[in-house]
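Chemist: Predicted model and sequence follow; I will ask about them next.
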Amino acid sequence: MDGLRVAMKHGHLHCEVYDLIKGSHASKAEWSACFQSQGNSISMIHDPRRMDLSPFEIDLLNAIAESYQEVETWELPELTHEFQEWVQSLQTGTARPISSEQLVRVLDFSEEEIAGSLHEAESHSQLMQRLGE
């Protein structure tokens, strides 16, 4: 499960999305059908629909978008620079992985909750890998 997120100069990013933007991911054709990269900018050229998002994920994304709709484009990544997992992972100008353990530790979980969360995340990851085969 570790290494699914990366801390970058302008904030957090999921590693698979980062790979898609760079053009080095197995789903590149599907990504390219919906998004176009122009330098550091990405434009949607075709609506990808909701794809595999659960109703919970859709609701969460809508709530986050609504909460930050008034924030300027380059102000938003600056807000993420206050997150401890970003501070702990970033080295100036370098993309660094953010581990699952870092994420749960900054949330002040107990050691028991951390162990349980990491075990559950690993079990989920293994299940998804088996289902994908």
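Modeler: Done, it's in.

Chemist: can you tell me which helix or strand residue 77 belongs to?
Modeler: Take DSSP states H and E as the rule and residue 77 turns out to sit in helix 75-80.

Chemist: Can you list the buried residues in the lowest-mean-pLDDT helix or strand in the chain?
Modeler: Lowest by mean pLDDT, DSSP states H and E among the helices and strands of the chain is helix 84-89, with a mean of 74. Neighbour-count burial for helix 84-89, counted by 16 or more other C-beta atoms under 10 Å, picks out 85, 86, 89. The way it works is simple: take the backbone N, C-alpha and C, and place the C-beta from them, glycine included.

Chemist: Show residues contacting the helix holding residue 77.
Modeler: Contact with helix 75-80 is made by 10, 11, 12, 68, 71, 86, as judged by C-beta atoms under 8 Å, 6 or more residues apart in numbering.

Chemist: Now flag whichever of the residues you listed is closest to residue 112.
Modeler: Nearest to residue 112 among the contacts of helix 75-80 is residue 86, at 25.8 Å by C-beta to C-beta.

Chemist: Chain neighbours aside, what residue packs nearest to the closest one?
Modeler: Excluding its sequence neighbours, the residue lying closest to residue 86 (C-beta to C-beta, 6 or more residues apart in numbering) is residue 7, at 4.7 Å.

Chemist: a helix runs through the one you found, doesn't it?
Modeler: No. Read with DSSP: H, G, I helix; E, B strand; the rest coil, residue 7 is strand and lies in no helix.

Chemist: Quickly note the distance from it to residue 14.
Modeler: From residue 7 across to residue 14, the span is 12 Å (C-beta to C-beta, to the nearest Å).

Chemist: more crowded one of those two?
Modeler: Higher neighbour count among residue 7 and residue 14: residue 7, with 23 against 11, using other C-beta atoms under 10 Å.

Chemist: wait, isn't that one in contact with residue 103?
Modeler: No. At 11.1 Å, residue 7 does not count as touching residue 103 under the criterion of C-beta atoms under 8 Å.

Chemist: who touches both of these two?
Modeler: residue 85.
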